[in-house]
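Participant: just coords:
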């Protein structure tokens, strides 16, 4: 068993309360160097409004316990084609991605499909 506790980012709106946001979700998990999370959150705070012009942020959160120094962001999409188009358009913006690579230790990406019983399905 692996347990982690996360806090929402200061700029994160309350989650949708079971509203369907997409058919697939992309979960991106970044691990940053010790002590850099406050700077990472500041940088993301300045950039997130530009990214959300392309698609909404379903969740943005950072770890407190479990795997430390983790930043997780989750994006909903209608399908993987929309994901590709949205990511390409956002990446063409001078405001995206946020310049946090200098602090990055590791990255993991997961594509998630809600189960039939999920309120996100």
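Facilitator: Structure's in. What do you need? All values reported here derive from a predicted model rather than from experimental measurement. Numbering: from 1, shown residues only.
Participant: for the most centrally placed residue in the chain, what are its contacts?
Facilitator: Central residue of the chain (CA atoms, centre = their mean): residue 73, 1.2 Å from the mean position. Residues in contact with residue 73, defined by CB atoms under 8 Å, 6 or more residues apart in numbering, are 27-28, 57, 59-61. Where C-beta positions appear, they are placed from N, C-alpha and C, glycine not excepted.
Participant: For PyMOL, write the select line for the buried members of those residues.
Facilitator: To isolate the buried members of the contacts of residue 73 in PyMOL, using 16 or more other CB atoms under 10 Å:
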select buried, resi 57+59+60+61
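Participant: Cross the contacts of residue 73 against strands and list the overlap.
Facilitator: Judged by DSSP state E, these include 27-28, 59-61 as members of strands.
Participant: Just name the closest of those residues to residue 12, please.
Facilitator: For the ones in strands among the contacts of residue 73, the minimum distance to residue 12 (CB to CB) is 4.7 Å, reached by residue 60.
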